[in-house]
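Asker: sequence first, predicted model second:
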Amino acid sequence: MGVNVDNPFVSILVPFYNIENCVGYCLDSLLNQTYDDYEIVCVDDGSTDGTYQKLLAYESSPKIKLIKTDNGGLSRARNVAVENAKGEYVTFVDGDDVVSPRYLEFLVHALVESKSDQAIGEITTVLMRGDKPEAQSWPESLRYEKLGLDRMVHRFLYETANISACCHLAKRQLYAEHPFPEGKLYEDTLTFKDHILSSGSFAFVQVPLYGYVKRWNSITKPHEVSLAQVDEFGNTICLFENEIMQSLPSERRGLVFHTALEYSRLFRLTKSADDEGVAYWQEKALRYVKRHLKELCSDKEIPKSNKLRFTILSFLPSCYGRIFSAYESIAFRKGAV
């Protein structure tokens, strides 16, 4: 297949696992693109519900390529999708999310026009209403800026750009040479060095293109996590901190914020300190935030809501989870998160 520089062929890579109620709205959004030169590679990761049967209903579309594998986790499903993709460029979409009709058009246009290594778009939160996501009014005009590595990482650290593998457009070869680590959680963070720090330029699309679908009970109910998951999250935070300090020490201030934010999320996951391993991470998270609280509160780039988060965690750690859950519920109703 020859490469058209202006309209490169793109593969949308979508893993599915036990999300039968999401297949329809996800694929409908992917098939409703204004850009023509693309395929959708769907990987069913050994689903045990009706997901595969729902996917079969879409297999007749010339855009759809369907692959079924034994269950191996998200990273393996993504790697299988990369191996079976035909596009020079690829983008990842999770099987329970939605995208703008101009998702590919805007990412490709920004990438090609700016001659960047990657294009990255904004992610917005979409609330699930019943069995479908809320209807969205997606932007009709494109706005982007070309950024070097240091400015792009700065945006990642301050969470004004998404660190997820989703809503990124990059060459398939990048993911073929640096596959996602199989059997690991937090794969997007673990591959940040290979997938982001190895690139020199980015087209940052400054309009929402991707809808992260969130169910109301996922906001109001805490997630249950195992000690192994807590350990993996904590170790990933430490690894990421070391990689950024070695690669871009000039971004230390943003790294302090990012690390504190991740530790505050980790602390919230560890509801009970009965286990010695959980207690270790709770104490480590609390020490880090307390040690940097003054610096965090004086940083003008940090939103007030996050400064409040760090202050509550430092002085009222036993109430932190309940207080911030209530705040998020109120903010979500107002469309703030």
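Answerer: That came through, no problem.

Asker: got the residue ranges for the helices in the stretch 201-337 of the chain?
Answerer: 216-220, 227-247, 252-269, 276-298, 304-315, 320-333 (DSSP state H, counting those that start in this stretch).

Asker: need the winner for burial among those helices.
Answerer: helix 252-269 (a mean of 20; mean count of other Cβ atoms under 10 Å). In short, each C-beta sits where N, CA and C put it, glycine included.

Asker: compute the inter-axis angle for it and helix 304-315.
Answerer: Per axes from the mean of the first three to the mean of the last three Cα atoms, to 10 degrees, the angle that helix 252-269 makes with helix 304-315 is 60 degrees.

Asker: kindly export helix 252-269 (C-alpha atoms) in CSV.
Answerer: The C-alpha trace of helix 252-269 is given here as CSV (Å, rounded to 0.1, in the frame of the first residue of the first chain):
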residue,chain,number,x,y,z
ARG,A,252,11.1,19.5,38.1
ARG,A,253,8.4,21.9,39.3
GLY,A,254,5.8,20.2,37.1
LEU,A,255,7.0,16.8,38.1
VAL,A,256,6.5,17.7,41.8
PHE,A,257,2.9,18.5,41.0
HIS,A,258,2.3,15.4,38.9
THR,A,259,3.9,13.1,41.5
ALA,A,260,1.9,14.7,44.3
LEU,A,261,-1.3,14.3,42.3
GLU,A,262,-0.5,10.6,41.6
TYR,A,263,0.3,10.0,45.3
SER,A,264,-3.0,11.7,46.3
ARG,A,265,-4.8,9.3,44.0
LEU,A,266,-2.9,6.3,45.4
PHE,A,267,-3.8,7.4,48.9
ARG,A,268,-7.4,7.5,48.0
LEU,A,269,-7.3,4.0,46.6
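
Asker: ok so, going back, and of the helices of the stretch 201-337 of the chain, who's closest to Leu13?
Answerer: helix 227-247 (22.4 Å; Cβ to Cβ).

Asker: point out where this protein drops to low pLDDT.
Answerer: For the chain, the stretches flagged by pLDDT under 70 are 1-5, 216-224, 271-274, 327-337.

Asker: what sits against the most centrally placed residue in it?
Answerer: Centroid-nearest residue in the chain, with Cα atoms, centre = their mean: Ser164, separated by 2.6 Å. Contacts for Ser164 (Cβ atoms under 8 Å, 6 or more residues apart in numbering) come out as Ile123, Asp188.

Asker: mind redoing it with 10 Å?
Answerer: Phe92, Asp94, Ile120, Ile123, Glu187, Asp188, Thr189, Tyr210, Tyr212 (Cβ atoms under 10 Å, 6 or more residues apart in numbering).

Asker: tell me the bridge partners for the last one.
Answerer: Each beta-bridge partner of Tyr212 is listed here, defined by DSSP bridges: Thr125.

Asker: quick one: contacts for it?
Answerer: Neighbour list for Tyr212: 94, 96-98, 123-126, 133, 162, 164, 166-167 [criterion: Cβ under 10 Å, 6+ apart].

Asker: going through the residues you listed, which ones are buried?
Answerer: Among these, those scoring as buried are Asp94, Asp96, Asp97, Val98, Ile123, Thr124, Val126, Pro133, Asn162, Ser164, Cys166, Cys167 (criterion: 16 or more other Cβ atoms under 10 Å).

Asker: list the contacts of the fourth one.
Answerer: Right, Val98. 22, 25-30, 32, 124, 126, 132-134, 136, 138, 210-213.

Asker: list the ones among those that fall in strands.
Answerer: Using DSSP state E, the subset of these located in strands is Thr124, Val126, Lys132, Pro133, Tyr210, Gly211, Tyr212, Val213.

Asker: just checking, the last one touches Glu134?
Answerer: Yes: judged on Cβ atoms under 10 Å, Val213 makes contact with Glu134 at a distance of 9.1 Å.
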